[in-house]
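S.K.: Next comes the sequence, and after it the predicted model I'd like to discuss.
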Amino acid sequence: MFEVDPNSAVAPYEQIRVQVIEAVRSGDLVPGSRMPTVRRLAEELGLAVNTVARAYRELEHDGVIETRGRNGSFVSATGDPTRQQAQLAASAYADRITQLGFDAPEALELVRAALGLAAGRG
């Protein structure tokens, strides 16, 4: 299900982390789905166990997966926690930008610039 490009400038653990998040967002991994064991995934991908373990730790920290001791790791039952975190960040930004006196078009222009998008796109 997951692939790692050894020629990528992106670290292998980060490639795994991003692929898991994308699979959760797309519905390919549904809440409650059991994740492969760290050892099995490391073996399948030809990676060190510590590399996969780091990806799992970061995913667990972000609430994307949860580890249930010897029972293994599962996709979190709370839905997409990264989207929830993004919504919280957007709400905090909206509150703060309003306090600073910016209107919506100005606020969106600042976000586009921060994301490196041209005005009017995205």
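M.R.: Thanks, I have it.

S.K.: Quick check: residue 29 is in a strand.
M.R.: No - using DSSP: H, G, I helix; E, B strand; the rest coil, the assignment for residue 29 is coil, not a strand.

S.K.: okay, now it: neighbour count?
M.R.: Residue 29 has 21 neighbours, counted by other Cβ atoms under 10 Å. The C-beta positions use only the backbone N, C-alpha and C, and glycine is treated the same way.

S.K.: how much space is there between it and residue 21?
M.R.: 9 Å (Cβ to Cβ, to the nearest Å).

S.K.: same check, this time on residue 44
M.R.: 19 Å.

S.K.: most centrally placed residue in this structure?
M.R.: Against the mean C-alpha coordinate of the chain, by Cα atoms, centre = their mean, the closest residue is residue 21 at 4.4 Å.

S.K.: Just the pLDDT at the residue lying farthest from the centre of the chain, thanks.
M.R.: In the chain, counting by Cα atoms, centre = their mean, residue 101 sits farthest out from the average C-alpha position, at 31.8 Å. We have a pLDDT of 94 for residue 101.

S.K.: how close does it get to residue 107?
M.R.: 10 Å.

S.K.: What segments of this protein are strands?
M.R.: 65-67, 73-75 (DSSP state E).

S.K.: what comes into contact with the last one?
M.R.: Here strand 73-75 makes contact (Cβ atoms under 8 Å, 6 or more residues apart in numbering) with 24, 29-35, 37-38, 56, 60, 64-68.

S.K.: got it, and stretch 96-108?
M.R.: 93, 94, 110.

S.K.: How far does that stretch stretch from one end to the other?
M.R.: Here the two ends of stretch 96-108 are set 13 Å apart, with distance taken as Cα to Cα, to the nearest Å.

S.K.: got the buried residues for that stretch?
M.R.: Neighbour-count burial for stretch 96-108 flags 97, 107, 108 (criterion: 16 or more other Cβ atoms under 10 Å).

S.K.: Thanks a lot, see you next time.
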